[in-house]
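Novice: Provided below for reference: sequence and predicted model.
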Amino acid sequence: MTVTVDAEVIEQLERRSGTLTRSDLVNEACRRVYLAGGMESALESIHRNLLDLGTRQRKLELRQQIQLETVLVLARAWFAVTPDIPEEEKRAAGAVADLKLSRLMDAIAETVGRSTSVLGRSIRLEELLFGVDATRGEARDDQHG
């Protein structure tokens, strides 16, 4: 439902208070809806909107739970297949991890906003991170690290 407030009413409100706030306009619009007998319709509309927001909130909570479960499954799989690193190799492994993280961050910064398609961004990230021509599945010659 859309309620308009005439310019004449706005002028009257400004003369009465000196300044006009959004609250003044909302109050006047609500008063007009109530006086026109449209309050039940307005309340029904508000109720429908609240129900819709509740439904959306439940869907978001479900998606968040699914994402959390997915991360937990990936973490468990990672821990199941990744061997422990010997103490003497941890420093080198940390340096490699830092390099890969830096490349990931650079790749994300480079691709965000360039392609409007998720597939295009994914292909570009794969090429940058893994040195693979994702369209052909071939390793590039300038592959890093």
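Specialist: Perfect, thanks for sending it.
Novice: how about the strands in the protein?
Specialist: Applying DSSP state E to the chain gives strands spanning 132-133, 138-139.
Novice: Pick out the shakiest of the ones you listed, pLDDT-wise.
Specialist: Lowest mean pLDDT of the strands of the chain: strand 138-139, a mean of 55.
Novice: and Ala107, how many neighbours?
Specialist: Ala107 has 18 neighbouring residues, counting by other Cβ atoms under 10 Å. Quick note: C-beta positions are derived from backbone N, CA and C, even for glycine.
Novice: In this structure it contacts Glu126, no?
Specialist: No: if you go by Cβ atoms under 8 Å, Ala107 and Glu126 don't touch, sitting 9.1 Å apart.
Novice: now the helices: where do they sit in the chain?
Specialist: 7-17, 22-35, 39-81, 90-111, 118-130 (DSSP state H).
Novice: and those helices as CSV, adding mean pLDDT?
Specialist: Shown next, in CSV, are the helices of the chain (pLDDT from 0 to 100):
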stretch, mean pLDDT
helix 7-17, 71
helix 22-35, 71
helix 39-81, 85
helix 90-111, 82
helix 118-130, 71
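Novice: Buried deepest among the ones you listed, which one?
Specialist: helix 118-130 (a mean of 15; mean count of other Cβ atoms under 10 Å).
Novice: What's the end-to-end length of stretch 83-98?
Specialist: Distance between the two ends of stretch 83-98: 19 Å, counting by Cα to Cα, to the nearest Å.
Novice: distance of Leu51 from Arg63?
Specialist: Counting by Cβ to Cβ, to the nearest Å, the gap from Leu51 to Arg63 is 19 Å.
Novice: next one: Ser102
Specialist: Distance check for Ser102 against Arg63: by Cβ to Cβ, it reads 30 Å.
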